[in-house]
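**Student:** need coordinates for the below:
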Amino acid sequence: MFFHNYRYALQSILRKKSSLIWTLLFPIALATFMYLSFGELYETEERLSIIPVAVVSENEGAYGEFDAFLEALSAEGDDQLLYVRRLSRDEAEKALADETVRGVIIEGEELTLWLRENSVEGTVLKTVLEQYLQSEAFVRGLAASGATPQELLAAVEALTGGEPYYTETSTSDGSQDLYNNFFYAIFAMSCLFASFTAVVRTSKLQANLGALGMRRQLSPAGRMTMVGAEFAAMLTVQFAAELLTLGYMLLLGVEMGERYLGMFAVLFLGSCVGIAQGIIIGSIPRLSEDAKTGICVSISMLLSCMADLVAVGIKGLIERSVPFLNRINPAALLTDAFYALNCYDTPKRFLTDLGLLAAITALLLGVSGFVLRRNRYASL
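**Tutor:** Next comes the predicted model:
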């Protein structure tokens, strides 16, 4: 009975063209546009250019560690990233307007970055400043926790340039291209878009939403058997679409690294969590199919935007302010799993992300099963 339901569910999904557009064609089109927009900028600009930046000191002596950090990044050599100019505020504003510097860092009551426009250099400067602030917060937390002087010294040395802070040396065989996070977010979004199909398929199991649901409720197959068959069919289509999208990105020239088994695992669990999200929304009683689809669109886009789909730095801001949100956001976990896979030699962070994705999937499916089993109808 399971395979009978699986076969017919698979045929029904493949015949619905609109679901295939969102599952496969839309992610491929979005990846193409992103690659044409900035896919080669990392090679042509970010790796070859030293970024001129102006620094305005308005609070003398308050940013000694940050000044040492800037010295490390501007030291001549293969790892030089910045060319630092110390200017007054008026001089810095003029230099930024003339484009002789790409950004202005104000050392006032707090560190502030001015940018004339969005650019590759501006994104790098924003990333560098955010990473410094994260490291500074870590050192302060270490001091507050009662760390030994040796531990504090080692942390401060790393923060102020004891080791090169920004280099192009990879810690793994993957890619650390700054723009890859946009492509990771495309995968996160497309996995969550699996919820659209899941809402439709789950609604077909509910007798109060149509004649097909009535007939299926009268079927000798158990509800969980039908749900399991539907889940397996949707997972087959979604996972195949994700693999095709991955293959297309690799052919396009996006550097995703060579850890393919890890990528397959991320895409498999991402497909599972997207489908589970759709099932739990689809199992809500007394809501129309259109209303449930609208909820899916809103949630999927919100979670994807929080995972840096539209701008770099949103996920980092959430990580500093409310890190718990990144632990329950499947889109953020998917992008972080790709990042960890490509930038870390040790698997701990990657496996943690996979474990959280699996836990979210199990929780959503468990609640969905409970709701669907409790549905009762006065008459059919």
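
**Student:** buried set for stretch 262-276?
**Tutor:** For stretch 262-276, burial by neighbour count (16 or more other CB atoms under 10 Å) applies to 262-263, 265-276. Using the backbone N, CA and C atoms, a C-beta is placed for each residue, glycine as well.

**Student:** what is the nearest of those residues to Ala194?
**Tutor:** Distance to Ala194 across the buried residues of stretch 262-276 (CB to CB) is lowest for Gly274, with 3.5 Å.

**Student:** domain ranges for the protein, per the record?
**Tutor:** 2-39+175-374, 49-160 (automatic domain parsing).

**Student:** deepest in the core, which of those domains is it.
**Tutor:** domain 2-39+175-374 (a mean of 19; mean count of other CB atoms under 10 Å).

**Student:** now the element after the helix or strand hosting Asn181, going C-ward?
**Tutor:** Using DSSP states H and E, Asn181 falls within helix 180-192. Remark: after helix 180-192, the chain's next helix or strand is helix 194-203, criterion DSSP H and E.

**Student:** what's that next one in contact with?
**Tutor:** Around helix 194-203, the neighbours that count as contacts under CB atoms under 8 Å, 6 or more residues apart in numbering are 9, 12-13, 16, 19, 22-23, 209-210, 213, 227, 230, 233-234, 237-238, 271, 274-279, 281-283, 289, 292-293, 296-297, 299-300, 368, 372.

**Student:** still on that earlier bit, now the domains of the chain in a markdown table, with mean pLDDT?
**Tutor:** Listed next are these as a markdown table, based on pLDDT from 0 to 100:
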| stretch | mean pLDDT |
| --- | --- |
| domain 2-39+175-374 | 83 |
| domain 49-160 | 79 |
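
**Student:** other SSEs contacting the longest strand seen in the chain?
**Tutor:** Criterion DSSP state E: the longest strand present in the chain is strand 51-57. Judged by 3 or more CB pairs under 8 Å, 6 or more residues apart in numbering; DSSP states H and E, strand 51-57 is in contact with strand 82-86, helix 89-97, strand 103-107, helix 120-144.

**Student:** angle of it against helix 89-97?
**Tutor:** Angle, strand 51-57 to helix 89-97, by axes from the mean of the first three to the mean of the last three CA atoms, to 10 degrees: 160 degrees.

**Student:** ok, residues contacting strand 51-57?
**Tutor:** Applying CB under 8 Å, 6+ apart, the contact partners of strand 51-57 are 63, 70, 81-89, 91-92, 95-96, 100-108, 121, 124-125.

**Student:** and the residue nearest to Leu333 when sequence neighbours are not counted, how close does it get to Leu334?
**Tutor:** Once flanking residues are discounted, Leu333 sits nearest to Asp353: 4.8 Å by CB to CB, 6 or more residues apart in numbering. In this view, Asp353 and Leu334 are 8 Å apart by CB to CB, to the nearest Å.

**Student:** how about Val128?
**Tutor:** 25 Å.

**Student:** distance of the spatially most central residue of the chain relative to Met256?
**Tutor:** The residue lying closest to the centre of the chain (CA atoms, centre = their mean) is Thr335, at 3.2 Å. Separation of Thr335 from Met256 (CB to CB) stands at 13 Å.

**Student:** same check, this time on Leu25
**Tutor:** For Leu25, the distance to Met256 equals 20 Å [CB to CB].

**Student:** also Leu341?
**Tutor:** According to CB to CB, Leu341 and Met256 sit 9 Å apart.

**Student:** repeat for Pro52
**Tutor:** Taking CB to CB, one finds Pro52 at 32 Å from Met256.
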